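1. Need a 3D model of the sequence below.
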Amino acid sequence: MSNVNNRQLDSFTLEARDMTPADIPALHELSVAVGWMHRAEDWAVTLELGEGIFLTDEIGRPVGSAMWFPMSDELAMLGMVITTPRLQERGAGRWMMEQILSRTGGRDLALNATRAAFRLYLALDFQPGPKVWQHMGIVSAVPEDSGRTRQMRAEDRAAIHALDSRAYGTDRHNALELFLDQSVGTVLEEDGQITGYALCRRFGRGHVVGPIIAATPQDAAALAAPHIAAHHGQFLRIDTRDTDGPFFQMLTAHGLAPRDSVTSMTRGRARGGDLQAHVFALANQAVG
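-> Coordinates of the predicted model:
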């Protein structure tokens, strides 16, 4: 496939080309324009995880983006899909998505859809699933330490990868390695076995906690608590599908109220965890 494509879209001539690190300042400008909180550094992380196309208008202004992330040979995530308001009803999003879909190599597909893009993904045969709620805000109180968790150590990585694969439904080795390198982590260990983990790293206006993998909402709350405590008075974000119970209640009680939502969608085989390993918080909306 050519890495540069042109299309006349009503009165606009658009050019779609492969993203490169040199595009990060313009991509950051694009995401700021639509109210996303990604920093330039967050865009750099997404380009390490996947590849995408960058849409510009006839005078080179950034007007759209779309990316895909090969989580494994069986699964790809789609994300970072942005179009400026003037193009959202003119077919630019579908044009970009058709180009991205042609690159995914027959993998099962998953994404998290904003309200603006939901109808587009339905038209592309994605099936809706649960909502993901963005809990964010200034941490207003320090949660009680359960005493059940410890700090993650380098020798925990193999067990964390195995647990994550069970919960996520495929081995996202490269993505998880990148997040591990950038994060502070907590683990829950029972009878010598790691049964849960949580990572926290810089993102957007502050920090994000995710992934959180655990067996129960109580375990997820215990894993998140040290990270929430460490950021008392600071901005923190956690993206979760939970809408009630101990984990949800702990987030809201400490200043992390649900602010907005996206809808998880799949095309192909949907993946999920088992009774002992469940995704309680996403790494980010692009890769789940």
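
2. Mind jotting down where the strands sit in this protein?
-> 4-9, 12-18, 51-56, 62-70, 75-83, 108-113, 127-138, 149-151, 184-190, 193-203, 206-214, 235-240, 257-267, 278-281 (DSSP state E).

3. Tabulate those strands (CSV), appending mean neighbour count.
-> Every C-beta, even on glycine, is put in place using the N, C-alpha and C of the backbone. Listed next are those as CSV, based on neighbours: other C-beta atoms under 10 Å:
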stretch, mean neighbour count
strand 4-9, 12
strand 12-18, 16
strand 51-56, 22
strand 62-70, 23
strand 75-83, 25
strand 108-113, 24
strand 127-138, 17
strand 149-151, 15
strand 184-190, 19
strand 193-203, 21
strand 206-214, 26
strand 235-240, 24
strand 257-267, 17
strand 278-281, 25
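
4. gap between residue 30 and residue 64?
-> 8 Å (C-beta to C-beta, to the nearest Å).

5. Quickly list what's touching both of these two.
-> Listed as contacting both residue 30 and residue 64 by C-beta atoms under 8 Å, 6 or more residues apart in numbering are 82, 84.

6. what angle do the biggest helix by length in the chain and strand 184-190 make?
-> Determined from DSSP state H, the single longest helix within the chain is helix 217-230. Interaxial angle, helix 217-230 versus strand 184-190 (axes from the mean of the first three to the mean of the last three C-alpha atoms, to 10 degrees): 150 degrees.

7. For helix 217-230, name the packing helices and strands.
-> Counting contacts by 3 or more C-beta pairs under 8 Å, 6 or more residues apart in numbering; DSSP states H and E, helix 217-230 packs against strand 149-151, strand 184-190, strand 193-203, strand 206-214, strand 235-240, helix 246-253, strand 278-281.

8. Can you tell me which of those is nearest to residue 139?
-> Ranking these by proximity to residue 139 (C-beta to C-beta) places strand 235-240 first, at 5.3 Å.

9. What strands line up against that closest one, and which way round?
-> strand 127-138 (antiparallel), strand 206-214 (parallel) (DSSP bridges).

10. Show me what the longest one is in contact with.
-> Identification of contacts with strand 127-138 by C-beta under 8 Å, 6+ apart yields 112-113, 118, 122, 233-243, 251-252, 255-267, 270, 282, 285.

11. what does the last one give?
-> Where contact means C-beta under 8 Å, 6+ apart, the residues beyond strand 206-214 that reach it are 163-164, 167-168, 176, 179, 188, 195-202, 220, 223-224, 227-228, 231, 234-240, 273, 277-284.

12. Could you give the average pLDDT over it?
-> Average pLDDT, strand 206-214: 98.

13. Quick one: work out the angle between it and helix 246-253.
-> Compare the direction of strand 206-214 with that of helix 246-253 by the same axes, to 10 degrees and you get 160 degrees.

14. pLDDT averaged over stretch 62-82 - what is it?
-> Averaging pLDDT along stretch 62-82 gives 93.

15. domain parsing for the protein?
-> The record assigns the chain these domain ranges, following automatic domain parsing: 4-106, 135-281.

16. of those domains, which approaches residue 126 most closely?
-> Going by C-beta to C-beta, the one of the domains of the chain nearest residue 126 is domain 135-281, 4.0 Å.

17. end-to-end on the closest one?
-> 10 Å (C-alpha to C-alpha, to the nearest Å).

18. How about stretch 151-163?
-> For stretch 151-163, the end-to-end distance is 17 Å (C-alpha to C-alpha).

19. Could you pull up the residues touching residue 217?
-> Neighbouring residues of residue 217 by C-beta under 8 Å, 6+ apart: 242, 245-248, 280.

20. so how far is residue 243 from it?
-> Taking C-beta to C-beta as the measure, residue 217 falls 11 Å from residue 243.

21. do the same with residue 288
-> Distance from residue 288 to residue 243, by C-beta to C-beta: 18 Å.

22. quick one: which of the two has more around it?
-> Neighbour count, other C-beta atoms under 10 Å: between residue 288 and residue 243, residue 288 has more, with 25 against 11.

23. Retrieve the pLDDT associated with the more buried one.
-> With respect to pLDDT, residue 288 scores 91.

24. OK, contacts around it?
-> The contact partners of residue 288, by C-beta under 8 Å, 6+ apart, come to 71, 77, 110, 112, 168, 264, 279, 282.

25. Would you single out the least confident of the domains of the chain?
-> Among the domains of the chain, domain 4-106 scores lowest, at a mean of 85.

26. and the domains of the chain as JSON lines, adding distance to residue 128?
-> As requested, these are exported to JSON lines (distance: least, C-beta to C-beta, whole Å):
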{"stretch": "domain 4-106", "distance to residue 128": "14"}
{"stretch": "domain 135-281", "distance to residue 128": "5"}
